[in-house]
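# No sequence on hand, only this structure:
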């Protein structure tokens, strides 16, 4: 099965991360996806764009030598964009392209115009006559003209969410010994036997069986526990807004025009001018 590498560039890391998550969710292996992030860096604009990545880096990523598209990727990485590449089989290319496009990637040609770069294919127009010159990005200039480009920085301030830590509450049980004195009452049956003295004979003596009974009692301590809610502990977020002043510097290139007077001791042809006070020979 043939595989191709699909490339998308996103201006924000959040869009790139969402695109990667959707691609993985669609069944593409995670090891087939790479992400290359850049940081906002300041560069001086020149007539030629020098790649900030080594040729070996781009050759390992795309194969071959750096070309027009890679120059755009390079400049985008300098400006903080994120390059996402996906190694996909031919029959999955259309579906993966739709997923990448749904997360607002940059338009390479439009970004090239912004950077002052144009693909070689866009520099040609169909010839009308044999004498028609090929179109160029700038009007033809007379021989000897020099162009000096001026660059200017601009500050882009955004916001990102930072994890400052978390607060956690945990309920656990602590056992505390308690001690209390309680009075207990005991009742015990005792047998008393005492002799009867001075008694005379009785005529109605009852010699039948008879039983008397008395119960002994004793108190013991009984422990029971009542449960009641004494406190509630909860977590909540308290939001506050603050204004923070961001201070930075931006650079801007200016041009200084200086008129340099010609050397009056030589003529245009390079010969010495004669002194008018010197007599002619």
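It's in. The model shown is predicted, which means the values in this text are computed figures rather than measured ones.
# Tell me where the protein has helices.
For the chain, the helices defined by DSSP state H occupy 13-25, 55-62, 68-78, 93-101, 108-115.
# which of those sits most buried?
helix 68-78 (a mean of 20; mean count of other CB atoms under 10 Å). Yep, even glycine has a C-beta here, placed from its N, CA and C like the rest.
# what packs against that helix?
strand 3-10, strand 82-89, helix 108-115 (3 or more CB pairs under 8 Å, 6 or more residues apart in numbering; DSSP states H and E).
# If you average the pLDDT over it, what comes out?
Mean pLDDT, computed over helix 68-78, is 77.
# Looking at the helices of the chain, which is nearest to residue 246?
Closest approach to residue 246 among the helices of the chain (CB to CB): helix 13-25, 19.5 Å.
# the inter-axis angle of that closest one versus strand 82-89?
If you take axes from the mean of the first three to the mean of the last three CA atoms, to 10 degrees, helix 13-25 sits at 20 degrees to strand 82-89.
# For helix 13-25, which outside residues touch it?
8, 10, 30, 33, 35, 37, 82, 84, 86, 96, 99-100, 102-105 (CB atoms under 8 Å, 6 or more residues apart in numbering).
# for the helices and strands packed on helix 68-78, which one sits closest to residue 220?
When these are compared by CB to CB, strand 82-89 sits nearest residue 220, at 78.1 Å.
# how about low-confidence regions in the stretch 51-200 of the chain?
51-68, 118-144 (pLDDT under 70).
# Now distance to residue 166 too, for the helices and strands packed on helix 68-78, in JSON lines please.
JSON lines is the format used below for those (distance: least, CB to CB, whole Å):
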{"stretch": "strand 3-10", "distance to residue 166": "29"}
{"stretch": "strand 82-89", "distance to residue 166": "28"}
{"stretch": "helix 108-115", "distance to residue 166": "40"}
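# how about those, which one is nearest residue 174?
Between the helices and strands packed on helix 68-78, strand 82-89 lies closest to residue 174; by CB to CB that is 51.6 Å.
# which residues touch residue 214?
residue 189.
# do you know how far it is from residue 192?
To residue 192, residue 214 is 12 Å away according to CB to CB, to the nearest Å.
# That's all I had, so thanks and see you.
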